[in-house]
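Asks: What follows is a protein structure lacking sequence information:
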Ligand code: B12
Ligand code: SF4
């Protein structure tokens, strides 16, 4: 339970300005965290950590048009995980997708440090948050983390950012906080880019080691988002809790940044540790947000036994690759027994060529087999497909026929998008029609289309018209979903199937930021690409 600290209306510590001859350690020690004298610790001594007030912020979605905000608004698990790693501090989470009162919270909570997260689509809103925080008080230390800044840190190298955390934040933030509050030196914090006393951004040499067991992670602080819990949903499930039981993926799909972010490494929690997470959630439904939950059949078997052994009455959905399902169909059966009802599968395409084009390392027949296995077990298939902007009308037809033929009851169609840091981004950089990140929501074609653009969106939207809601209403009858869950899903599908909605933020037909307004990341990528030619 968080208690409000007494608010002392005075600066925390002066901000570094170019040419200033002090460092973070001294600033913190002179601030209101405690002893105003600079610390004099012997080399190698780990100084005692003084409690800090830390505010972690999920910025608002800023997706072109309507985007995926209709499909899911899960809890900010990333921030809860980070908060879990800071047990000695007073941490709060502000979810600006739900609550916009940043200023009043800053005023009331008086944080020493603000941490902001950002996916690519959230870059502008995250930058706005950083600016608003510094506008409120230059003395608040700001750090940004997450996928975008890990893969393109240049975009956050602005005066309002004090530090950029690279990669998994639980290995960076506690050390950063310890350094700030106990007189350490930011130069020793691993995986950190920070603004030095001259105002320049410095990338630390020290990086996090590869040996990091997920079992050592503290439980996510779900209590910090209790006030938002009823608003969180994932597809048809509301309320919902997210659990991430593994990190990374061994495959190398060209559109995906997961293997880039995790450096190709994959780690998993043990079944026992996953159970600890499951026991700690307070919703009946859990979405496993792992990229391939059924990757390790031994663990998933053990976990299913543990869940059954405790007699838990829960429902689960998960993401899984078709090849994992085909390798262990018995696992699906076992999980259905304990509450699995929906699986999101990255099927990606209707032809072998389509799978090869995105480097999926999988076969169409394997997808077909997995579909049959899931169907035989009564599992709802959320089939995710990628639409290539270079498709002809015939290609759209092929996909439509495949979905129809395989009777895939629920579908997610996205446009092949060169997301920052991916192989596709490196290969297709010169084809990008815009650097406006709000268009990178995978619902807009940021590269040229073969069909006239309006026709492309007509075909794209048309794909969404096909969804059969029948199986969902069956679940309502079975008491597994509410009628409101179904209505929400229908509203989403109705919106996605209107082609006009996509035009607003189309890079050619809509209103988007011009290339001249590119953030520094795109400019740097442009320079790299020009040098390579
Ligand atoms: C669940 C999920 C979603 C959820 C919500 C995720 C969210 N953060 O809001 C939903 C379904 C809504 C969603 C939507 C989208 N998603 Co998504 N999603 C995921 C998924 C599968 C899991 C994310 C997760 O919870 N991981 C577990 C947590 C613990 O890890 P984490 O979020 O990475 O956080 C860690 C670090 O990033 C870091 N960190 C994060 N924030 C901060 C902040 C600070 C201060 C610090 C210090 C550190 C830090 O520390 C955390 C702990 O280690 C990932 C794939 C993946 N494996 O990451 C894709 C992924 C994040 N999604 C992606 C994409 C493209 C999208 C969409 C644009 C479109 C789409 N087709 O899905 C939309 C955009 C939504 C939006 N907000 O605008 C990409 C993002 C790439 C990028 N460059 O941004 C990913 C990586 C998948 C991919 N194929 O590349 N997504
Ligand atoms: S799309 Fe899925 S299988 Fe492919 S690399 Fe990304 S996480 Fe792995």
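Replies: Done, it's in. As the structure is a prediction and not an experimental result, all values here were calculated from the model. Ligands and ions are numbered 1, 2, ... in the order given.
Asks: what's the residue sitting nearest the centre point of the chain in contact with, if anything?
Replies: Nearest to the mean C-alpha position of the chain, counting by CA atoms, centre = their mean, stands residue 119 at 6.0 Å. Residues near residue 119 by CB atoms under 8 Å, 6 or more residues apart in numbering: 146, 147, 148. Quick note: C-beta positions are derived from backbone N, CA and C, even for glycine.
Asks: State the distance from it to residue 101.
Replies: 22 Å (CB to CB, to the nearest Å).
Asks: Residue 228 now?
Replies: From residue 228 across to residue 101, the span is 13 Å (CB to CB).
Asks: beta partners of residue 319?
Replies: Beta-bridge pairing for residue 319 (DSSP bridges): residue 344.
Asks: Touching, it and residue 289? I think so.
Replies: Yes: at 7.0 Å, residue 319 and residue 289 qualify as touching, with contact defined as CB atoms under 8 Å.
Asks: how deep is residue 235 tucked in, by neighbour count?
Replies: Using other CB atoms under 10 Å, residue 235 is surrounded by 21 other residues.
Asks: Tell me which residues touch it, please.
Replies: Contacts for residue 235 (CB under 8 Å, 6+ apart) come out as 71, 72, 287, 317, 342, 382, 489.
Asks: What values do phi and psi take at residue 91?
Replies: The phi/psi pair for residue 91 (degrees, to the nearest 10) reads phi -110, psi 140.
Asks: quick one: which of the contacts of residue 235 sit in strands?
Replies: 72, 287, 317, 342, 382 (DSSP state E).
Asks: my read: residue 254 touches residue 427, true?
Replies: Yes: here residue 254 reaches residue 427: they are 7.5 Å apart, a contact under CB under 8 Å.
Asks: more neighbours, these two?
Replies: Neighbours per residue, other CB under 10 Å: of residue 254 and residue 427, the larger number sits with residue 254, 17 against 11.
Asks: Which pLDDT value goes with residue 16?
Replies: Note on residue 16: pLDDT of 39.
Asks: can you check residue 188 too?
Replies: At residue 188, the predicted lDDT confidence score is 92.
Asks: ranges for the helices of the stretch 401-533 of the chain?
Replies: 423-428, 453-464, 470-477, 483-496, 500-503, 520-532 (DSSP state H, counting those that start in this stretch).
Asks: just so I know, which of the ones you listed lies nearest ligand 1?
Replies: With CB to the nearest ligand atom as the measure, helix 423-428 is the member of these nearest ligand 1 (9.2 Å).
Asks: Name the residues of that closest one that are buried.
Replies: 423, 424, 425, 428 (16 or more other CB atoms under 10 Å).
Asks: biggest separation within the residues you listed, which pair?
Replies: Spanning the widest gap among the buried residues of helix 423-428 are 423 and 428, at 9.3 Å by CB to CB.
Asks: Any residues of this structure in contact with ligand 2? List them.
Replies: By the rule CB under 6 Å from any ligand atom, the part of the chain lying against ligand 2 is 249, 251, 252, 253, 256, 258, 259, 291, 321, 346.
Asks: Could you export those as CSV, including pLDDT and neighbour count?
Replies: Formatted as CSV, the residues of the chain next to ligand 2 follow (pLDDT from 0 to 100; neighbours: other CB atoms under 10 Å):
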residue, pLDDT, neighbour count
249, 95, 20
251, 96, 18
252, 96, 15
253, 97, 22
256, 97, 21
258, 96, 18
259, 93, 19
291, 94, 23
321, 98, 24
346, 97, 26
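Asks: mind listing which of those residues are in strands?
Replies: Mapping the residues of the chain next to ligand 2 onto strands (DSSP E) picks out residue 346.
Asks: What about the residues of the chain next to ligand 2, which are in helices?
Replies: Counted as lying in helices by DSSP state H, out of the residues of the chain next to ligand 2, are 258, 259.
Asks: which regions of the stretch 201-350 of the chain sit below the pLDDT cut-off?
Replies: Where the stretch 201-350 of the chain drops to pLDDT under 70, the residues are 210-211.
Asks: Skipping adjacent residues, who's closest to residue 201 in space?
Replies: residue 157 (4.9 Å; CB to CB, 6 or more residues apart in numbering).
Asks: got a list of what the one you found touches?
Replies: So, once contact is read as CB under 8 Å, 6+ apart, residue 157 ends up touching 164, 193, 201, 520.
Asks: From these, list the buried ones, please.
Replies: Those of the contacts of residue 157 that meet the buried threshold are 164, 193, 201, by 16+ other CB under 10 Å.
Asks: Point out the residues in the stretch 201-350 of the chain that sit beside ligand 1.
Replies: Residues of the stretch 201-350 of the chain lying close to ligand 1 (CB under 6 Å from any ligand atom) are 242, 244, 256, 257, 258, 289, 291.
Asks: what about the fourth one, how many neighbours?
Replies: For residue 257, the tally of surrounding residues (other CB under 10 Å) stands at 21.
Asks: distance of it from residue 248?
Replies: Using CB to CB, residue 257 is found at 11 Å from residue 248.
Asks: Likewise for the last one?
Replies: Using CB to CB, one gets 8 Å for the distance from residue 291 to residue 248.
Asks: likewise the fifth one?
Replies: Per CB to CB, residue 258 is found 7 Å from residue 248.
Asks: residues shared between the contacts of these two?
Replies: residue 291.
Asks: wait, does stretch 497-515 contact ligand 1?
Replies: No: using CB under 6 Å from any ligand atom, stretch 497-515 never reaches ligand 1; the gap is at least 12.9 Å.
Asks: Report the buried residues of that stretch.
Replies: Within stretch 497-515, the residues scored as buried using 16+ other CB under 10 Å are 497, 499, 501, 502, 503, 505, 506, 507, 510, 512, 513.
Asks: Now tell me what touches it from outside.
Replies: So stretch 497-515 is contacted by 64-66, 433-436, 438-439, 443-446, 453-454, 457-458, 460-462, 464-465, 495 (CB under 8 Å, 6+ apart).
Asks: Mean confidence (pLDDT) on that stretch, please.
Replies: Averaged across stretch 497-515, the pLDDT comes to 92.
Asks: And that stretch, end to end?
Replies: End-to-end distance for stretch 497-515: 29 Å, by CA to CA, to the nearest Å.
Asks: ok, now stretch 441-461?
Replies: First residue to last in stretch 441-461 (CA to CA) measures 15 Å.
Asks: Which residue lies closest in space to the closest residue to ligand 2 within the stretch 51-200 of the chain, excluding its sequence neighbours?
Replies: Closest contact between the stretch 51-200 of the chain and ligand 2, by CB to the nearest ligand atom, is at residue 147 (12.2 Å). Once flanking residues are discounted, residue 147 sits nearest to residue 119: 5.3 Å by CB to CB, 6+ apart.
Asks: What distance do you get for the one you found to residue 304?
Replies: From residue 119 across to residue 304, the span is 31 Å (CB to CB).
Asks: Looking at the ones in strands among the contacts of residue 235, which is nearest ligand 1?
Replies: Distances from ligand 1 to the ones in strands among the contacts of residue 235, taken by CB to the nearest ligand atom, are shortest for residue 72, at 3.9 Å.
Asks: Indicate the residue of the stretch 401-533 of the chain located nearest to ligand 2.
Replies: residue 422 (9.4 Å).
Asks: Next, count neighbours for that residue.
Replies: Residue 422: 21 neighbours (other CB under 10 Å).
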